[in-house]
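Colleague: Got a sequence here, can you model it:
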Amino acid sequence: MGLLLCLLGIQSTLLAAPPNIPKQWPDVTGKVHPVAGQPVVLAWTGLGCPMSKLYRPRLARLADEFVPKGVRFFLLNSNSQDAPADLKKLAADFDFPVIRDAGGQLARRLQVERTTEVLLLDAKGQIRYRGAVDDQFGFKETEAGGVGAFRRPAPTQAYLKQAIVAVLAGRPVAPAKTEPYGCALGLDEAPRGNAVTFHQHIEPLLQVHCQECHHTGGGGPFALETYKQAKGWAKMMAEVTAEKRMPPWNADPKVGHFKNARGLAPDEIELLADWFRAGAPKGDPAEAPPRLVWSGDLGNGKPSHELVLPAFDVPAEGRVPYRYVSVPTEFKEDKWIRAAEFTSNTPEVVHHVLTFLHEHNGRARRANRPWSPPFDMLAPLQGARPREFPYWIARNRRYLKQYQVGQGGGLHGYFLSGIVGDRPLVYPAGRAKLLPAGTSIVFQVHYNPNGKAHQSTSRLRLWFADEPPEEAVDMHAASTVVFRIPPGAPNHEVTAVHRFQRDGLLLGLQPHMHYRGKSFRYVAEYPDGRKETLLHVPDFDFNWQHKYELAEPRWLPRGTVLRAIGTFDNSPGNPDNPDPKRSVYFGLQSEEEMFIGYFEVIWNAPQPKD
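Modeller: Okay, here's the model as predicted:
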């Protein structure tokens, strides 16, 4: 009875103040639509918000189901940074009206703050539900005290659909309010001071920390190059930097130093907050720094060679199996890669690309090539006793074809990578990576649907060195396929090692796990008995699989053991977990798991002088 009274109390509170909704609305194309007299769904959206994009196809399906039953759907936009012309393009993809909430007046009146928030009104105009569409996407607190995004395989609660069904049946709605996760609305605010201005303070900060991804044509979901763009995202920028969601970086700052580390200093975070609180004043354009120009040649001139993959149709929703494409290079001579860049016409849906080398006549040509550890077919079985080998071999037999590609299908290492949010590869003078003659490059592409269907074309651009380098770079790995993560296990540990057969100069580290990955450490165990933690990632995030480039390369003498130690969370408390009730083994798809500790190294490197 107490619960029922509580629910009725919530319901009556919502019903107490009917909103002042117009009886009819013009959409962005000028067509007028009646509003009053039947149930109405008001769904807010934002053009650049990734979570809004994910929910738009779901809203379209709900409209297809419930418009014939007498429910009207409206997609509303209150963002000051979203252009009317772009909203008209959005409207062309929808069967229900897109409404421009000019000045954010309706959002303010209804106290809507997020781009994914929905309101359900009954036929009398009373708000019966407000909140999220469902619980598939959201944010979670991290071990380090920050905030990270999560993506369930499927929703467990269809809040909006349940509410519509209840209203049509004349029943109370429960829950009548939930927390919507999405981007903060970019409501236009009048400046309230000019102590912190865009051109003098914020624009230089964005150029240093944000525009690398957030420029037109970049990997970010929206650009932050102009005042109008930045002002619309002012509240969101203050929020995500305070919560350490942006810039993305997962390494423990107390362990190691990395030249590609991202992050804002406390005073920079406060500067963004002050600018938002002041109404995001523009300032004097004369104080603006020169606008950055994003060159396509990485400062190296025209690429020496370019490989283009066939177009691939990425669906709007769901999880897409890894795509493998083999592309022959047909080079008659060995090539040395001094710079490389992966690009795509759809960077927003390409999560990562790994490439492997498949040498057709490699054995006869290796005498004059730099040394690298020979491929050991049994290395990924580490952790198993010899008598257990047949079981683990049989269990992973279905991956034998992929395992024979390149360096063990990724378990032994890889050639080049393109990871969302990472910088292009540019080696300093004297370093390069070998591309053997007569080699095919095998691309492994992982797509992340973002709510809109795309035809995606990816390409790899290569810059060759004029001569063999002084130092040849190799990407190797410590990995294992010998693990079973029990159902519900919140902290299951897995370990893999690589023993250095030669001296090596360690350049970088790159952990790789899937949705259940929780933490990752690299520990160097030296021949003299010393141990040193080189990298600690306390909150592994599948969405941000960085390569951590050492600020000072570390010399590891022959006999050093590089140990990778990771934990997996297969519990119901992990919202990314596809299924906490099943045992999890090694597998190629994201619903399965991997445990690979990649490391970039120069073999036979002399010990640096102090």
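Colleague: can we go C-alpha only for contacts and neighbour counts from here?
Modeller: Will do.
Colleague: Would you point out the helix or strand in this structure whose mean pLDDT is lowest?
Modeller: Least confident helix or strand of the chain, by mean pLDDT, DSSP states H and E, is helix 2-15 with a mean of 39.
Colleague: Look at stretch 469-484 and report the distance between its end residues.
Modeller: 43 Å (CA to CA, to the nearest Å).
Colleague: What residues sit buried inside the strand or helix carrying V473?
Modeller: With secondary structure defined by DSSP states H and E, V473 is part of strand 471-479. The neighbour-count check on strand 471-479 (16 or more other CA atoms under 10 Å) flags E471, A472, V473, D474, M475, H476, A477, A478, S479 as buried.
Colleague: That strand packs against which elements?
Modeller: Helices and strands touching strand 471-479, by 3 or more CA pairs under 8 Å, 6 or more residues apart in numbering; DSSP states H and E, are strand 431-435, strand 492-499, strand 561-568, strand 596-603.
Colleague: Identify the residues contacting the shortest one?
Modeller: Taking contacts as CA atoms under 8 Å, 6 or more residues apart in numbering, the residues outside strand 431-435 that touch it are 334-339, 357, 465, 468-474.
Colleague: Check which element follows that strand along the chain.
Modeller: Per DSSP H and E, the first helix or strand lying C-terminal to strand 431-435 is strand 439-447.
Colleague: Can you report the mean pLDDT over the residues of that next one?
Modeller: Averaged over strand 439-447, pLDDT sits at 91.
Colleague: The helix or strand following it: how far from the chain's middle?
Modeller: Note on strand 439-447: by DSSP H and E, the next helix or strand toward the C-terminus is strand 454-456. Between the centre of strand 454-456 and the centre of its host chain there is 18 Å, according to CA atoms, centre = their mean, to the nearest Å.
Colleague: same question, stretch 463-481
Modeller: Per CA atoms, centre = their mean, the centroid offset for stretch 463-481 relative to its chain is 26 Å.
Colleague: Between the two ends of that stretch, how far is it?
Modeller: Stretch 463-481 end-to-end distance (CA to CA) = 35 Å.
Colleague: how much space between the nearest residue to V325 once chain neighbours are set aside and K282?
Modeller: Residue nearest to V325 in three dimensions, not counting chain neighbours: F443, with 5.1 Å by CA to CA, 6 or more residues apart in numbering. Applying CA to CA, the value for F443 to K282 is 45 Å.
Colleague: what do you get for F483?
Modeller: 55 Å.
Colleague: export the longest helix seen in the chain as CSV, just CAs?
Modeller: Assignment by DSSP state H gives helix 50-66 as the longest helix of the chain. What follows is helix 50-66, C-alpha atoms only, in CSV (Å, rounded to 0.1, in the frame of the first residue of the first chain):
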residue,chain,number,x,y,z
PRO,A,50,26.1,10.8,-29.9
MET,A,51,23.4,9.5,-27.5
SER,A,52,20.7,11.4,-29.3
LYS,A,53,21.8,9.8,-32.6
LEU,A,54,21.5,6.3,-31.0
TYR,A,55,18.0,7.0,-29.8
ARG,A,56,16.5,8.5,-32.9
PRO,A,57,15.9,5.1,-34.7
ARG,A,58,14.2,3.8,-31.6
LEU,A,59,11.9,6.8,-31.4
ALA,A,60,11.1,6.2,-35.1
ARG,A,61,10.1,2.6,-34.3
LEU,A,62,8.0,3.7,-31.4
ALA,A,63,6.2,6.2,-33.6
ASP,A,64,5.6,3.5,-36.2
GLU,A,65,4.0,1.4,-33.5
PHE,A,66,1.9,4.0,-31.7
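Colleague: what's in contact with that helix?
Modeller: Outside of helix 50-66, the residues within contact range by CA under 8 Å, 6+ apart are 45-47, 71-73, 94-96, 115-116, 133, 137, 161, 181-183, 221, 316-317, 449-452.
Colleague: And the helix or strand containing L534, what does it pack against?
Modeller: Assessed by DSSP H and E, L534 sits inside strand 531-537. Secondary-structure packing of strand 531-537 (3+ CA pairs under 8 Å, 6+ apart): strand 517-525.
Colleague: Which elements pack onto the strand it packs on?
Modeller: Right, strand 517-525 is packed against strand 531-537, strand 561-568 by 3+ CA pairs under 8 Å, 6+ apart.
Colleague: partners of that strand, with directions?
Modeller: In the sheet, strand 517-525 lines up against strand 531-537 (antiparallel), strand 561-568 (antiparallel) (DSSP bridges).
Colleague: now the closest residue to A339 other than its chain neighbours: how far from R192?
Modeller: Nearest residue to A339 in three dimensions, chain neighbours excluded: V426, at 4.3 Å (CA to CA, 6+ apart). Using CA to CA, V426 is found at 44 Å from R192.
Colleague: Which one's more surrounded, the two?
Modeller: Neighbour count, other CA atoms under 10 Å: between V426 and R192, V426 has more, with 17 against 13.
Colleague: any residues touching stretch 135-154, and which ones?
Modeller: The contact list for stretch 135-154, computed with CA under 8 Å, 6+ apart, reads 51, 155-159, 181-182, 243-245, 538-539, 541, 575-578.
Colleague: Likewise for stretch 272-282?
Modeller: 189-194, 196-199, 202, 227, 231, 234-235, 237-239.
Colleague: Also stretch 479-490?
Modeller: Taking CA under 8 Å, 6+ apart as the rule, stretch 479-490 contacts 379-384, 392, 411-412, 492, 494-497, 568-573, 580-586, 594-597.
Colleague: re earlier: weed out the non-buried ones from the contacts of helix 50-66.
Modeller: Buried by 16+ other CA under 10 Å: 45-47, 71-73, 96, 115-116, 133, 137, 181-183, 221, 316-317, 449-452, out of these.
Colleague: I'd like the list of those residues that fall within strands, please.
Modeller: Mapping those onto strands (DSSP state E) picks out R72, F73, F137.
Colleague: Reformat the residues you listed as CSV; add pLDDT and distance to A605.
Modeller: CSV is the format used below for those (pLDDT from 0 to 100; distance: CA to CA, whole Å):
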residue, pLDDT, distance to A605
R72, 96, 69
F73, 97, 65
F137, 88, 47
